[in-house]
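**Student:** Pasting a predicted model and its sequence here:
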Amino acid sequence: MSGADSKRITILVLDDHALFREGLVRLLASEADLDVQGACSSVDEAIQLLTANAPQVVLLDYDLGAENGMRFLRRAAEAGYRGRVLVVTAGLQDSEALALLRSGAWGIFLKHNSPETLVAAIRKVARGEVWLDQHFLRLLVQEARSGLYEEHAPRLSERETDVLRAVFEGLSNKEIALRLAVSESSVKATIQQLFLKTGVRTRSQLVRAALERYRDYL
């Protein structure tokens, strides 16, 4: 594989609407840095392709007819998938959005947004950053402020607070390092500390933890 090919983002599309799925594949094929390795309509098909190809990013429609995106996330976790899942959906209830983030989704993208915005979201998620549509971010903040979540959580240091705020804003490790005038390795170490304190494994879950338990820090 050439150096250029090695930098391409490999993608699996799971959507049960053939017209949208085929249009999405054509859109992504027009981007030099994106490589669609497969497209399918069911969870079983997706797990087979996931096992065979291990794509970096899965574009997941939540409503799959008789199935839904939560089933895919559970099956993918059982299969040992370590890539990133971006939910691409026409709409979700806020409770569904919360469940997806708890289950390891790296972001939620609404289908009414532009194709250019979707491509930007894919690139961001592939870099290990969170993409959360502002519509759902507002809902999550409102629900967190309702006081329904547990208040007890380990206290954060000043550095951990600064990094948590930056992760919540969707900044990359490099951008956080520039903002705080520290090294990227220092940022990575602080994020690992936050993972340990909050009991999460991904940046999207860290955003969720911030909304539930550390909203006063944001």
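**Tutor:** It's in.
**Student:** ok, now which ones touch the residue most central in space within the chain?
**Tutor:** In the chain, the residue lying closest to the centroid (CA atoms, centre = their mean) is Trp106, at 1.1 Å. Applying CB atoms under 8 Å, 6 or more residues apart in numbering to Trp106 gives the contacts 84-86, 125, 130-131, 202-204. The way it works is simple: take the backbone N, C-alpha and C, and place the C-beta from them, glycine included.
**Student:** Can you list which of these are found in strands?
**Tutor:** The strands, defined by DSSP state E, take in 84-86, 131 from the contacts of Trp106.
**Student:** Have a look at these and tell me the least confident one.
**Tutor:** Looking at the ones in strands among the contacts of Trp106, model confidence by pLDDT dips furthest at Trp131: 87.
**Student:** Among the ones in strands among the contacts of Trp106, which one sits closest to Leu196?
**Tutor:** Among those, Arg84 lies closest to Leu196 (CB to CB), at 21.0 Å.
**Student:** was I right about that closest one contacting Gln56?
**Tutor:** Yes: between Arg84 and Gln56 there is a contact under CB atoms under 8 Å: 6.7 Å.
**Student:** These two - which one has more neighbours?
**Tutor:** Arg84 (26 against 19; other CB atoms under 10 Å).
**Student:** Tell me how far that one lies from Val130.
**Tutor:** 10 Å (CB to CB, to the nearest Å).
**Student:** rewinding a little: what would the contacts of Trp106 look like in CSV with distance to Leu118?
**Tutor:** What follows is the contacts of Trp106, written out as CSV (distance: CB to CB, whole Å):
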residue, distance to Leu118
Arg84, 14
Val85, 14
Leu86, 9
Val125, 11
Val130, 15
Trp131, 10
Thr202, 20
Arg203, 19
Ser204, 17
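**Student:** so which of these would you say is closest to Glu67?
**Tutor:** Using CB to CB, those come closest to Glu67 at Val85, 14.7 Å.
**Student:** quick check, Arg138 in a helix?
**Tutor:** Yes: according to DSSP: H, G, I helix; E, B strand; the rest coil, Arg138 belongs to a helix.
**Student:** from here on, count from 622
**Tutor:** OK, 622 is where the count begins now, so the last one is Arg759.
**Student:** what's the pLDDT at it?
**Tutor:** pLDDT for Arg759: 72.
**Student:** In contact with it, which residues?
**Tutor:** Here Arg759 is in contact with no residue (CB under 8 Å, 6+ apart).
**Student:** Pro676 too?
**Tutor:** 631-633, 658-659, 670, 704.
**Student:** Then Phe693?
**Tutor:** 635, 664, 667-668, 679, 681, 685, 706.
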